[in-house]
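> build me a structure from this.
(2 chains)
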Protein chains: 2
Amino acid sequence: MNVFVIGLGLIGGSLALDLKAINSRATIFGIDTNDLHLEKALELGLIDEKAAFEDLSQADWVILAIPVDKMTEVLPQILNGIKDEAIVLDVGSTKEQICKSVENHPKRRNFMAAHPIAGTEFSGPSAAQRGLFIGKTNIICEVEKTASSLQQKALRFFNDIGMHIRYMDPKSHDKHIAYVSHLSHISSFMLGKTVIEKEKNERDIFDMAGSGFESTVRLAKSSPSMWTPIFKQNKEELLKPLSEYIDNLNRFKELLENDDFEAIYAEMEQTNRIKEILEGINLKKERSNGK
Amino acid sequence: MNVFVIGLGLIGGSLALDLKAINSRATIFGIDTNDLHLEKALELGLIDEKAAFEDLSQADWVILAIPVDKMTEVLPQILNGIKDEAIVLDVGSTKEQICKSVENHPKRRNFMAAHPIAGTEFSGPSAAQRGLFIGKTNIICEVEKTASSLQQKALRFFNDIGMHIRYMDPKSHDKHIAYVSHLSHISSFMLGKTVIEKEKNERDIFDMAGSGFESTVRLAKSSPSMWTPIFKQNKEELLKPLSEYIDNLNRFKELLENDDFEAIYAEMEQTNRIKEILEGINLKKERSNGK
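Just a heads-up that it's a prediction; the model follows:
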(Lines give C-alpha, C1' and ligand atoms only; values in the text may rest on other atoms or scores of the structure.)
Protein backbone atom coordinates (compact mmCIF):
# COMPACT_ATOMS: atom_id res chain seq x y z
CA MET A 1 0.00 0.00 0.00
CA ASN A 2 1.40 3.37 -1.04
CA VAL A 3 0.50 6.25 1.25
CA PHE A 4 1.40 9.80 0.23
CA VAL A 5 1.45 12.40 2.97
CA ILE A 6 1.54 15.94 1.62
CA GLY A 7 2.67 18.36 4.33
CA LEU A 8 4.79 16.84 7.10
CA GLY A 9 3.80 18.96 10.06
CA LEU A 10 2.19 17.97 13.34
CA ILE A 11 -0.95 16.44 11.81
CA GLY A 12 0.50 14.98 8.60
CA GLY A 13 3.51 13.57 10.44
CA SER A 14 1.44 12.06 13.25
CA LEU A 15 -0.97 10.43 10.80
CA ALA A 16 2.04 8.97 8.94
CA LEU A 17 3.36 7.47 12.18
CA ASP A 18 -0.02 5.95 13.08
CA LEU A 19 -0.57 4.57 9.59
CA LYS A 20 2.80 2.89 9.58
CA ALA A 21 2.23 1.41 13.03
CA ILE A 22 -1.14 -0.03 12.04
CA ASN A 23 -0.13 -1.23 8.60
CA SER A 24 3.45 -2.43 8.52
CA ARG A 25 3.26 -3.11 4.79
CA ALA A 26 2.44 0.51 3.97
CA THR A 27 5.16 2.55 2.30
CA ILE A 28 4.92 6.18 3.33
CA PHE A 29 5.93 8.74 0.72
CA GLY A 30 6.40 12.35 1.81
CA ILE A 31 5.83 15.52 -0.18
CA ASP A 32 6.61 18.96 1.26
CA THR A 33 7.57 22.30 -0.29
CA ASN A 34 10.01 22.73 2.59
CA ASP A 35 13.08 20.56 1.93
CA LEU A 36 14.25 20.80 5.52
CA HIS A 37 10.92 19.38 6.70
CA LEU A 38 11.22 16.56 4.21
CA GLU A 39 14.74 15.68 5.39
CA LYS A 40 13.66 15.87 9.01
CA ALA A 41 10.66 13.62 8.30
CA LEU A 42 12.98 11.01 6.78
CA GLU A 43 15.38 11.28 9.68
CA LEU A 44 12.56 10.88 12.23
CA GLY A 45 11.12 7.91 10.34
CA LEU A 46 7.82 9.65 9.62
CA ILE A 47 8.22 8.73 5.95
CA ASP A 48 10.02 6.00 4.05
CA GLU A 49 10.76 7.99 0.90
CA LYS A 50 10.64 11.48 -0.52
CA ALA A 51 8.30 11.96 -3.44
CA ALA A 52 6.83 14.59 -5.79
CA PHE A 53 3.34 15.46 -7.06
CA GLU A 54 4.10 13.55 -10.30
CA ASP A 55 4.28 10.33 -8.27
CA LEU A 56 0.71 10.56 -7.01
CA SER A 57 -0.55 8.22 -9.74
CA GLN A 58 0.98 5.41 -7.63
CA ALA A 59 -0.90 6.38 -4.48
CA ASP A 60 -3.50 4.22 -2.72
CA TRP A 61 -3.95 6.85 0.00
CA VAL A 62 -3.24 10.58 -0.10
CA ILE A 63 -3.31 12.65 3.09
CA LEU A 64 -3.34 16.38 2.50
CA ALA A 65 -2.09 18.30 5.53
CA ILE A 66 -1.00 21.73 4.32
CA PRO A 67 -2.29 25.28 5.02
CA VAL A 68 -5.93 25.60 3.93
CA ASP A 69 -5.28 28.17 1.19
CA LYS A 70 -2.87 25.76 -0.50
CA MET A 71 -5.40 22.94 -0.14
CA THR A 72 -8.02 24.60 -2.30
CA GLU A 73 -5.31 25.18 -4.93
CA VAL A 74 -3.84 21.68 -5.07
CA LEU A 75 -6.78 19.44 -4.17
CA PRO A 76 -8.35 19.52 -7.70
CA GLN A 77 -4.92 18.78 -9.24
CA ILE A 78 -4.37 15.89 -6.85
CA LEU A 79 -7.72 14.36 -7.80
CA ASN A 80 -6.80 14.77 -11.49
CA GLY A 81 -3.66 12.68 -11.00
CA ILE A 82 -4.79 9.74 -8.84
CA LYS A 83 -5.99 6.31 -9.85
CA ASP A 84 -9.67 5.35 -9.64
CA GLU A 85 -9.57 3.46 -6.37
CA ALA A 86 -7.33 5.88 -4.44
CA ILE A 87 -8.64 7.84 -1.45
CA VAL A 88 -7.69 11.44 -0.75
CA LEU A 89 -8.22 12.85 2.77
CA ASP A 90 -7.71 16.44 3.87
CA VAL A 91 -7.29 17.52 7.49
CA GLY A 92 -8.02 21.26 7.19
CA SER A 93 -9.47 23.43 9.97
CA THR A 94 -12.00 24.93 7.54
CA LYS A 95 -14.30 22.85 5.41
CA GLU A 96 -16.61 24.94 3.23
CA GLN A 97 -14.11 26.33 0.74
CA ILE A 98 -12.20 23.07 0.58
CA CYS A 99 -15.35 21.10 -0.25
CA LYS A 100 -16.37 23.80 -2.73
CA SER A 101 -13.02 23.56 -4.54
CA VAL A 102 -13.86 20.03 -5.72
CA GLU A 103 -17.68 20.01 -5.66
CA ASN A 104 -17.94 19.37 -9.38
CA HIS A 105 -14.76 17.39 -9.81
CA PRO A 106 -15.29 14.07 -11.64
CA LYS A 107 -13.31 12.36 -8.88
CA ARG A 108 -15.17 14.00 -5.98
CA ARG A 109 -16.09 10.51 -4.73
CA ASN A 110 -12.40 9.74 -4.13
CA PHE A 111 -12.19 12.57 -1.61
CA MET A 112 -13.16 12.62 2.07
CA ALA A 113 -13.24 15.98 3.86
CA ALA A 114 -12.04 15.57 7.46
CA HIS A 115 -10.98 17.72 10.37
CA PRO A 116 -9.19 15.72 13.07
CA ILE A 117 -9.25 18.12 16.02
CA ALA A 118 -5.86 17.37 17.48
CA GLY A 119 -3.73 20.44 16.81
CA THR A 120 -1.48 22.00 19.40
CA GLU A 121 0.62 25.17 19.38
CA PHE A 122 3.52 23.16 17.93
CA SER A 123 4.23 22.68 14.25
CA GLY A 124 6.64 21.00 11.88
CA PRO A 125 7.77 17.35 11.61
CA SER A 126 9.44 17.35 15.04
CA ALA A 127 6.02 17.95 16.61
CA ALA A 128 4.63 14.70 15.16
CA GLN A 129 3.83 11.95 17.66
CA ARG A 130 2.35 8.45 17.83
CA GLY A 131 -1.07 8.26 19.42
CA LEU A 132 -1.85 11.97 18.96
CA PHE A 133 -5.41 11.19 17.85
CA ILE A 134 -6.50 8.88 20.69
CA GLY A 135 -9.76 10.16 22.13
CA LYS A 136 -9.89 13.15 19.77
CA THR A 137 -12.86 14.13 17.59
CA ASN A 138 -12.74 13.89 13.82
CA ILE A 139 -15.36 15.86 11.90
CA ILE A 140 -16.27 14.33 8.54
CA CYS A 141 -18.12 16.58 6.10
CA GLU A 142 -20.35 15.55 3.17
CA VAL A 143 -19.68 11.89 3.87
CA GLU A 144 -22.36 10.94 1.32
CA LYS A 145 -20.20 12.37 -1.47
CA THR A 146 -17.38 9.88 -0.82
CA ALA A 147 -17.56 6.44 -2.46
CA SER A 148 -18.89 4.00 0.09
CA SER A 149 -15.96 1.53 -0.14
CA LEU A 150 -13.50 4.37 0.42
CA GLN A 151 -15.61 5.71 3.32
CA GLN A 152 -15.29 2.33 5.01
CA LYS A 153 -11.52 2.21 4.58
CA ALA A 154 -11.00 5.70 5.96
CA LEU A 155 -13.40 5.25 8.87
CA ARG A 156 -11.75 1.98 9.87
CA PHE A 157 -8.42 3.80 9.95
CA PHE A 158 -9.77 6.70 12.05
CA ASN A 159 -11.35 4.19 14.38
CA ASP A 160 -8.10 2.21 14.66
CA ILE A 161 -6.17 5.30 15.71
CA GLY A 162 -8.71 6.05 18.45
CA MET A 163 -10.78 8.86 16.99
CA HIS A 164 -14.38 9.72 17.79
CA ILE A 165 -16.23 10.45 14.51
CA ARG A 166 -18.85 13.14 13.93
CA TYR A 167 -20.65 13.99 10.71
CA MET A 168 -21.48 17.56 9.83
CA ASP A 169 -22.14 19.76 6.82
CA PRO A 170 -19.24 22.09 5.91
CA LYS A 171 -21.12 25.29 6.78
CA SER A 172 -22.05 24.06 10.27
CA HIS A 173 -18.49 22.89 10.81
CA ASP A 174 -17.08 26.30 9.94
CA LYS A 175 -19.67 28.11 12.07
CA HIS A 176 -19.12 26.04 15.20
CA ILE A 177 -15.37 25.67 14.91
CA ALA A 178 -15.15 29.47 14.81
CA TYR A 179 -16.51 29.45 18.39
CA VAL A 180 -14.63 26.54 19.90
CA SER A 181 -11.29 26.91 18.15
CA HIS A 182 -10.68 29.93 15.93
CA LEU A 183 -11.91 32.45 18.54
CA SER A 184 -9.60 30.94 21.19
CA HIS A 185 -6.66 31.58 18.90
CA ILE A 186 -7.54 35.24 18.40
CA SER A 187 -8.20 35.68 22.12
CA SER A 188 -4.80 34.18 22.91
CA PHE A 189 -2.86 36.08 20.24
CA MET A 190 -4.33 39.41 21.30
CA LEU A 191 -3.70 38.66 24.99
CA GLY A 192 -0.07 37.91 24.18
CA LYS A 193 0.13 41.10 22.13
CA THR A 194 -1.34 43.25 24.93
CA VAL A 195 1.14 41.96 27.48
CA ILE A 196 4.17 42.07 25.15
CA GLU A 197 3.39 45.70 24.24
CA LYS A 198 3.39 46.54 27.92
CA GLU A 199 6.60 44.60 28.49
CA LYS A 200 8.55 46.80 26.05
CA ASN A 201 9.17 49.20 28.90
CA GLU A 202 8.81 46.79 31.79
CA ARG A 203 10.96 43.82 30.92
CA ASP A 204 10.65 42.16 34.27
CA ILE A 205 6.95 41.60 34.49
CA PHE A 206 7.01 38.17 32.84
CA ASP A 207 8.70 36.84 35.94
CA MET A 208 5.32 37.30 37.59
CA ALA A 209 3.49 35.18 35.05
CA GLY A 210 2.09 31.97 36.49
CA SER A 211 0.57 28.89 34.92
CA GLY A 212 -2.70 30.73 34.26
CA PHE A 213 -1.04 33.20 31.93
CA GLU A 214 0.90 30.41 30.21
CA SER A 215 -2.32 28.54 29.62
CA THR A 216 -4.24 31.50 28.16
CA VAL A 217 -1.39 32.56 25.82
CA ARG A 218 -0.37 29.06 24.78
CA LEU A 219 -2.12 29.33 21.41
CA ALA A 220 -0.25 32.58 20.65
CA LYS A 221 2.72 30.33 19.86
CA SER A 222 0.79 28.91 16.87
CA SER A 223 2.06 29.21 13.30
CA PRO A 224 0.96 32.38 11.41
CA SER A 225 1.42 30.52 8.08
CA MET A 226 -1.19 28.01 9.16
CA TRP A 227 -3.57 30.41 10.89
CA THR A 228 -3.70 33.37 8.48
CA PRO A 229 -5.34 31.25 5.73
CA ILE A 230 -7.77 29.75 8.27
CA PHE A 231 -8.90 33.20 9.38
CA LYS A 232 -9.15 34.23 5.71
CA GLN A 233 -11.28 31.26 4.69
CA ASN A 234 -13.49 31.47 7.74
CA LYS A 235 -13.76 35.26 7.90
CA GLU A 236 -17.56 35.43 7.65
CA GLU A 237 -18.24 32.86 10.36
CA LEU A 238 -15.54 34.28 12.61
CA LEU A 239 -16.74 37.88 12.75
CA LYS A 240 -19.82 36.93 14.77
CA PRO A 241 -18.13 35.17 17.72
CA LEU A 242 -15.38 37.78 17.69
CA SER A 243 -17.94 40.60 17.98
CA GLU A 244 -19.81 38.75 20.72
CA TYR A 245 -16.56 38.23 22.62
CA ILE A 246 -15.67 41.93 22.37
CA ASP A 247 -19.22 42.83 23.50
CA ASN A 248 -18.88 40.56 26.53
CA LEU A 249 -15.53 42.12 27.43
CA ASN A 250 -16.98 45.61 27.05
CA ARG A 251 -19.87 44.67 29.30
CA PHE A 252 -17.47 43.31 31.91
CA LYS A 253 -15.48 46.55 31.72
CA GLU A 254 -18.65 48.58 32.25
CA LEU A 255 -19.59 46.49 35.29
CA LEU A 256 -16.11 47.08 36.67
CA GLU A 257 -16.32 50.84 36.01
CA ASN A 258 -19.72 50.96 37.71
CA ASP A 259 -18.55 48.90 40.70
CA ASP A 260 -21.26 46.35 40.02
CA PHE A 261 -19.45 43.47 41.69
CA GLU A 262 -22.62 41.48 42.27
CA ALA A 263 -23.11 41.25 38.52
CA ILE A 264 -19.41 40.40 38.04
CA TYR A 265 -19.78 37.59 40.56
CA ALA A 266 -22.89 36.32 38.76
CA GLU A 267 -21.16 36.35 35.34
CA MET A 268 -18.29 34.30 36.68
CA GLU A 269 -20.54 31.89 38.53
CA GLN A 270 -22.61 31.25 35.41
CA THR A 271 -19.47 30.70 33.37
CA ASN A 272 -18.09 28.21 35.92
CA ARG A 273 -20.50 25.82 34.18
CA ILE A 274 -17.72 25.33 31.61
CA LYS A 275 -16.20 22.91 34.14
CA GLU A 276 -19.08 20.45 33.93
CA ILE A 277 -19.40 20.95 30.18
CA LEU A 278 -15.75 20.06 29.55
CA GLU A 279 -15.87 17.14 31.98
CA GLY A 280 -19.01 15.87 30.24
CA ILE A 281 -17.32 15.93 26.84
CA ASN A 282 -14.25 14.15 28.08
CA LEU A 283 -16.42 11.44 29.62
CA LYS A 284 -18.41 11.09 26.44
CA LYS A 285 -15.26 10.75 24.35
CA GLU A 286 -13.87 8.13 26.70
CA ARG A 287 -17.08 6.17 26.54
CA SER A 288 -17.19 6.28 22.75
CA ASN A 289 -13.66 4.88 22.77
CA GLY A 290 -14.85 1.99 24.89
CA LYS A 291 -12.70 2.98 27.86
CA MET B 1 6.23 25.75 66.86
CA ASN B 2 2.59 26.69 66.43
CA VAL B 3 1.51 27.53 62.89
CA PHE B 4 -1.96 28.90 62.27
CA VAL B 5 -3.27 28.70 58.73
CA ILE B 6 -6.35 30.84 58.15
CA GLY B 7 -8.16 29.73 55.02
CA LEU B 8 -7.60 26.12 53.98
CA GLY B 9 -7.85 26.37 50.22
CA LEU B 10 -5.30 25.56 47.54
CA ILE B 11 -2.65 28.00 48.74
CA GLY B 12 -3.21 27.82 52.51
CA GLY B 13 -3.52 24.04 52.45
CA SER B 14 -0.42 23.56 50.27
CA LEU B 15 1.66 25.86 52.50
CA ALA B 16 0.48 23.85 55.53
CA LEU B 17 1.64 20.61 53.90
CA ASP B 18 5.05 22.05 53.01
CA LEU B 19 5.55 23.56 56.47
CA LYS B 20 4.78 20.27 58.15
CA ALA B 21 7.11 18.38 55.82
CA ILE B 22 9.98 20.77 56.50
CA ASN B 23 9.40 21.14 60.21
CA SER B 24 8.11 17.94 61.75
CA ARG B 25 7.81 19.59 65.17
CA ALA B 26 5.36 22.21 63.89
CA THR B 27 1.76 21.88 65.00
CA ILE B 28 -0.58 23.16 62.30
CA PHE B 29 -3.78 24.79 63.52
CA GLY B 30 -6.52 25.49 60.98
CA ILE B 31 -9.07 28.29 60.96
CA ASP B 32 -11.79 28.53 58.31
CA THR B 33 -15.28 30.02 58.23
CA ASN B 34 -16.35 26.98 56.24
CA ASP B 35 -16.73 24.02 58.62
CA LEU B 36 -16.72 21.49 55.81
CA HIS B 37 -13.33 22.81 54.66
CA LEU B 38 -12.01 22.53 58.17
CA GLU B 39 -13.18 18.92 58.50
CA LYS B 40 -11.76 18.07 55.10
CA ALA B 41 -8.43 19.69 56.01
CA LEU B 42 -8.22 17.53 59.16
CA GLU B 43 -9.16 14.43 57.21
CA LEU B 44 -6.51 15.13 54.53
CA GLY B 45 -3.87 15.83 57.18
CA LEU B 46 -3.37 19.44 56.11
CA ILE B 47 -3.85 20.51 59.73
CA ASP B 48 -3.36 18.87 63.12
CA GLU B 49 -6.09 20.73 64.97
CA LYS B 50 -9.02 23.03 64.43
CA ALA B 51 -8.71 26.45 66.07
CA ALA B 52 -10.39 29.85 66.37
CA PHE B 53 -9.26 33.48 66.13
CA GLU B 54 -9.09 33.64 69.96
CA ASP B 55 -6.25 31.09 69.88
CA LEU B 56 -3.96 33.29 67.78
CA SER B 57 -2.12 34.52 70.90
CA GLN B 58 -0.38 31.10 70.86
CA ALA B 59 0.81 31.44 67.27
CA ASP B 60 4.45 31.59 66.17
CA TRP B 61 3.43 31.78 62.53
CA VAL B 62 0.16 32.93 60.98
CA ILE B 63 -0.55 32.34 57.28
CA LEU B 64 -3.50 34.29 55.97
CA ALA B 65 -4.94 32.72 52.82
CA ILE B 66 -8.49 33.99 52.45
CA PRO B 67 -10.24 36.19 49.82
CA VAL B 68 -8.55 39.62 49.64
CA ASP B 69 -11.58 41.60 50.86
CA LYS B 70 -11.64 39.53 54.03
CA MET B 71 -7.89 40.02 54.46
CA THR B 72 -8.10 43.79 54.80
CA GLU B 73 -10.84 43.26 57.42
CA VAL B 74 -9.13 40.68 59.60
CA LEU B 75 -5.44 41.49 59.20
CA PRO B 76 -5.45 44.41 61.70
CA GLN B 77 -7.34 42.24 64.22
CA ILE B 78 -4.88 39.41 63.77
CA LEU B 79 -1.94 41.72 64.43
CA ASN B 80 -3.76 42.98 67.57
CA GLY B 81 -3.93 39.47 68.97
CA ILE B 82 -0.49 37.98 68.30
CA LYS B 83 2.58 37.85 70.53
CA ASP B 84 5.58 40.11 69.87
CA GLU B 85 7.78 37.62 68.08
CA ALA B 86 5.09 36.06 65.85
CA ILE B 87 5.15 36.46 62.09
CA VAL B 88 2.05 37.00 59.96
CA LEU B 89 2.17 36.32 56.21
CA ASP B 90 -0.54 36.96 53.68
CA VAL B 91 -0.72 35.36 50.23
CA GLY B 92 -3.17 37.71 48.49
CA SER B 93 -3.25 38.40 44.74
CA THR B 94 -3.48 42.15 45.39
CA LYS B 95 -1.05 44.00 47.60
CA GLU B 96 -1.79 47.73 47.81
CA GLN B 97 -4.98 47.67 49.88
CA ILE B 98 -3.70 44.86 52.07
CA CYS B 99 -0.52 46.79 52.91
CA LYS B 100 -2.58 49.94 53.42
CA SER B 101 -4.89 48.19 55.90
CA VAL B 102 -2.00 47.84 58.38
CA GLU B 103 0.34 50.68 57.35
CA ASN B 104 0.02 52.43 60.72
CA HIS B 105 -0.49 49.35 62.85
CA PRO B 106 1.88 49.17 65.87
CA LYS B 107 2.68 45.58 64.89
CA ARG B 108 3.31 46.30 61.20
CA ARG B 109 6.81 44.85 61.61
CA ASN B 110 5.31 41.44 62.43
CA PHE B 111 3.68 41.31 59.00
CA MET B 112 5.15 40.28 55.65
CA ALA B 113 3.13 40.95 52.49
CA ALA B 114 3.61 38.12 50.00
CA HIS B 115 2.09 36.83 46.79
CA PRO B 116 3.19 33.29 45.96
CA ILE B 117 2.16 32.96 42.30
CA ALA B 118 1.06 29.37 42.30
CA GLY B 119 -2.71 29.43 41.94
CA THR B 120 -4.60 27.16 39.58
CA GLU B 121 -8.26 26.97 38.59
CA PHE B 122 -8.87 24.62 41.51
CA SER B 123 -9.86 25.66 45.00
CA GLY B 124 -10.66 24.25 48.43
CA PRO B 125 -8.67 21.91 50.70
CA SER B 126 -8.80 18.98 48.24
CA ALA B 127 -6.79 21.07 45.78
CA ALA B 128 -3.85 21.38 48.21
CA GLN B 129 -0.65 19.56 47.25
CA ARG B 130 2.92 19.06 48.44
CA GLY B 131 5.54 20.80 46.35
CA LEU B 132 3.10 23.23 44.72
CA PHE B 133 5.56 26.11 45.11
CA ILE B 134 8.67 24.55 43.57
CA GLY B 135 10.04 26.86 40.91
CA LYS B 136 7.26 29.43 41.39
CA THR B 137 7.76 33.16 41.99
CA ASN B 138 6.91 34.82 45.30
CA ILE B 139 6.52 38.58 45.27
CA ILE B 140 7.36 40.23 48.60
CA CYS B 141 6.16 43.80 49.06
CA GLU B 142 7.54 46.45 51.44
CA VAL B 143 10.08 43.98 52.82
CA GLU B 144 11.78 46.83 54.72
CA LYS B 145 8.71 47.20 56.92
CA THR B 146 9.04 43.65 58.30
CA ALA B 147 11.35 43.09 61.30
CA SER B 148 14.63 41.75 60.00
CA SER B 149 14.69 38.57 62.14
CA LEU B 150 11.19 37.69 60.91
CA GLN B 151 12.19 38.47 57.30
CA GLN B 152 14.97 35.92 57.60
CA LYS B 153 12.67 33.22 58.99
CA ALA B 154 10.07 33.72 56.28
CA LEU B 155 12.59 33.91 53.43
CA ARG B 156 14.31 30.74 54.63
CA PHE B 157 10.96 28.98 54.53
CA PHE B 158 10.12 30.25 51.03
CA ASN B 159 13.56 29.20 49.89
CA ASP B 160 13.16 25.75 51.44
CA ILE B 161 9.93 25.14 49.55
CA GLY B 162 11.60 26.06 46.26
CA MET B 163 10.33 29.57 45.60
CA HIS B 164 12.07 32.26 43.59
CA ILE B 165 11.80 35.59 45.50
CA ARG B 166 11.20 39.03 44.00
CA TYR B 167 10.82 42.34 45.83
CA MET B 168 8.39 44.96 44.62
CA ASP B 169 6.36 47.89 45.91
CA PRO B 170 2.64 47.16 46.28
CA LYS B 171 1.56 49.56 43.52
CA SER B 172 3.95 48.04 40.96
CA HIS B 173 2.82 44.58 42.00
CA ASP B 174 -0.82 45.43 41.41
CA LYS B 175 -0.09 47.16 38.11
CA HIS B 176 1.93 44.30 36.62
CA ILE B 177 -0.12 41.44 38.02
CA ALA B 178 -3.15 43.00 36.29
CA TYR B 179 -1.41 42.29 32.95
CA VAL B 180 0.03 38.85 33.59
CA SER B 181 -2.70 37.33 35.74
CA HIS B 182 -5.90 39.29 36.28
CA LEU B 183 -6.41 40.05 32.57
CA SER B 184 -5.99 36.36 31.67
CA HIS B 185 -8.84 35.53 34.03
CA ILE B 186 -11.19 38.07 32.43
CA SER B 187 -10.18 36.94 28.94
CA SER B 188 -10.89 33.34 29.88
CA PHE B 189 -14.19 34.00 31.70
CA MET B 190 -15.55 36.06 28.80
CA LEU B 191 -14.41 33.47 26.24
CA GLY B 192 -16.26 30.79 28.22
CA LYS B 193 -19.31 33.03 28.42
CA THR B 194 -19.33 33.73 24.67
CA VAL B 195 -19.20 30.05 23.80
CA ILE B 196 -21.71 28.96 26.46
CA GLU B 197 -24.21 31.57 25.26
CA LYS B 198 -23.91 30.14 21.77
CA GLU B 199 -24.26 26.61 23.06
CA LYS B 200 -27.72 27.29 24.51
CA ASN B 201 -29.16 26.52 21.10
CA GLU B 202 -26.39 24.32 19.75
CA ARG B 203 -25.67 21.81 22.47
CA ASP B 204 -23.39 19.67 20.40
CA ILE B 205 -20.65 22.09 19.57
CA PHE B 206 -18.53 21.35 22.62
CA ASP B 207 -17.73 17.97 21.11
CA MET B 208 -15.63 19.93 18.65
CA ALA B 209 -13.57 21.61 21.35
CA GLY B 210 -9.93 20.56 21.34
CA SER B 211 -7.09 21.11 23.75
CA GLY B 212 -6.66 24.72 22.59
CA PHE B 213 -10.13 25.69 23.77
CA GLU B 214 -9.64 23.83 27.05
CA SER B 215 -6.43 25.72 27.63
CA THR B 216 -7.87 29.18 26.93
CA VAL B 217 -11.00 28.64 29.09
CA ARG B 218 -9.23 26.82 31.93
CA LEU B 219 -9.25 29.89 34.16
CA ALA B 220 -13.01 30.28 33.70
CA LYS B 221 -13.30 27.43 36.22
CA SER B 222 -11.84 29.72 38.91
CA SER B 223 -13.73 30.63 42.06
CA PRO B 224 -15.94 33.77 41.84
CA SER B 225 -15.66 34.22 45.64
CA MET B 226 -11.92 34.57 45.31
CA TRP B 227 -11.84 36.58 42.08
CA THR B 228 -14.61 39.15 42.62
CA PRO B 229 -12.72 40.78 45.53
CA ILE B 230 -9.47 40.73 43.52
CA PHE B 231 -11.12 42.58 40.63
CA LYS B 232 -12.68 44.99 43.13
CA GLN B 233 -9.41 45.78 44.89
CA ASN B 234 -7.45 46.06 41.67
CA LYS B 235 -10.11 47.86 39.64
CA GLU B 236 -8.01 50.91 38.80
CA GLU B 237 -4.98 48.98 37.59
CA LEU B 238 -7.12 46.48 35.73
CA LEU B 239 -9.08 48.90 33.55
CA LYS B 240 -5.98 49.84 31.53
CA PRO B 241 -4.92 46.36 30.36
CA LEU B 242 -8.57 45.43 29.80
CA SER B 243 -9.07 48.47 27.55
CA GLU B 244 -5.85 47.75 25.68
CA TYR B 245 -6.93 44.14 25.17
CA ILE B 246 -10.32 45.23 23.81
CA ASP B 247 -8.57 47.75 21.51
CA ASN B 248 -6.30 45.02 20.15
CA LEU B 249 -9.28 42.74 19.52
CA ASN B 250 -11.14 45.55 17.77
CA ARG B 251 -8.10 46.22 15.61
CA PHE B 252 -7.86 42.53 14.71
CA LYS B 253 -11.55 42.56 13.80
CA GLU B 254 -11.04 45.61 11.55
CA LEU B 255 -8.11 43.91 9.81
CA LEU B 256 -10.32 40.88 9.24
CA GLU B 257 -13.19 43.00 7.91
CA ASN B 258 -10.79 44.82 5.57
CA ASP B 259 -9.19 41.57 4.36
CA ASP B 260 -5.79 42.82 5.48
CA PHE B 261 -4.29 39.38 5.95
CA GLU B 262 -0.73 40.62 5.62
CA ALA B 263 -1.21 42.70 8.74
CA ILE B 264 -2.92 39.77 10.50
CA TYR B 265 0.07 37.58 9.66
CA ALA B 266 2.45 40.24 10.99
CA GLU B 267 0.51 40.61 14.25
CA MET B 268 0.66 36.89 14.89
CA GLU B 269 4.31 36.63 13.91
CA GLN B 270 5.26 39.42 16.33
CA THR B 271 3.26 37.80 19.09
CA ASN B 272 4.96 34.42 18.52
CA ARG B 273 7.79 36.01 20.53
CA ILE B 274 5.81 34.96 23.62
CA LYS B 275 7.35 31.50 23.07
CA GLU B 276 10.91 32.71 23.72
CA ILE B 277 9.77 34.98 26.53
CA LEU B 278 8.07 32.14 28.41
CA GLU B 279 10.95 29.77 27.76
CA GLY B 280 13.39 32.41 29.04
CA ILE B 281 11.47 32.82 32.29
CA ASN B 282 11.25 29.11 32.89
CA LEU B 283 15.02 28.81 32.36
CA LYS B 284 15.66 31.72 34.71
CA LYS B 285 13.48 30.19 37.41
CA GLU B 286 15.18 26.82 37.07
CA ARG B 287 18.59 28.47 37.34
CA SER B 288 17.62 30.41 40.44
CA ASN B 289 16.55 27.13 41.98
CA GLY B 290 20.00 25.72 41.33
CA LYS B 291 18.74 23.10 38.88
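> C-alpha from now on. contacts and neighbour counts both.
Noted.
> so residue A:272 sits right up against residue B:222, yeah?
Yes - under the criterion of Cα atoms under 8 Å, residue A:272 makes contact with residue B:222 at 7.1 Å.
> low-confidence stretches in chain A?
Scanning chain A for pLDDT under 70 picks out A:201-203, A:284-291.
> which stretches in it count as helices?
For chain A, helices defined by DSSP state H occupy the ranges A:10-22, A:35-43, A:68-81, A:96-101, A:148-160, A:170-177, A:183-199, A:211-217, A:224-233, A:235-257, A:261-271, A:274-288.
> out of those helices, nearest to chain B?
Shortest distance between chain B and the helices of chain A, using Cα to the nearest Cα, is found for helix A:211-217: 4.5 Å.
> so what does the closest one touch, helix or strand wise?
On a contact count with 3 or more Cα pairs under 8 Å, 6 or more residues apart in numbering or on different chains; DSSP states H and E, helix A:211-217 meets helix A:183-199, helix B:183-199, helix B:211-217.
> angle of the first one against helix A:235-257?
When you say that, I think you mean helix A:183-199. 50 degrees (axes from the mean of the first three to the mean of the last three Cα atoms, to 10 degrees).
> what lies in contact with helix A:183-199?
A:205-206, A:216-220, A:238, A:241-242, B:179-180, B:184, B:187, B:191, B:212-213, B:216, B:241, B:244-245, B:248-249, B:267-268, B:270-271, B:274 (Cα atoms under 8 Å, 6 or more residues apart in numbering or on different chains).
> how about the contacts made by the closest residue to chain B within the stretch 1-150 of chain A?
Going by Cα to the nearest Cα, chain B is nearest to residue A:117 of the stretch 1-150 of chain A, at 5.9 Å. Residue A:117 sits next to A:136, A:137, A:138, A:139, B:208, B:209, B:210 when contact means Cα under 8 Å, 6+ apart.
> nearest residue to the second one other than its sequence neighbours?
Read it as residue A:137. Of all residues not flanking residue A:137 in the chain, residue A:164 sits nearest, at 4.7 Å (Cα to Cα, 6 or more residues apart in numbering or on different chains).
> repeat that for the third one.
Taking Cα to Cα, 6+ apart, and ignoring the residues beside it in sequence, residue A:138 has residue A:116 as its nearest neighbour in space, at 4.1 Å.
> give the buried residues for stretch A:34-41.
Residues A:37, A:38, A:39, A:40, A:41 are the ones in stretch A:34-41 that count as buried (16 or more other Cα atoms under 10 Å in any protein chain shown).
> which of the contacts of residue A:117 lies closest to residue A:26?
residue A:138 (22.5 Å; Cα to Cα).
> correct me, but the closest one touches residue A:163?
Yes - counting by Cα under 8 Å, residue A:138 touches residue A:163, with 6.3 Å between them.
> near chain B, which residues of the stretch 51-200 of chain A show up?
Neighbours of chain B within the stretch 51-200 of chain A, by Cα under 8 Å from any Cα of the partner chain: A:117-121, A:136-137, A:139, A:176-177, A:179-181, A:184-196.
> let's see it at 10 Å
Residues of the stretch 51-200 of chain A lying close to chain B (Cα under 10 Å from any Cα of the partner chain) are A:115-121, A:136-139, A:164, A:166, A:172-173, A:175-199.
> quick check on those residues: which are buried?
A:115-121, A:136-139, A:164, A:173, A:175-196.
> one step back: tell me, what's touching residue A:138 and residue A:163 both at once?
Shared contacts of residue A:138 and residue A:163 (Cα atoms under 10 Å, 6 or more residues apart in numbering or on different chains): A:116, A:117, A:118, A:155.
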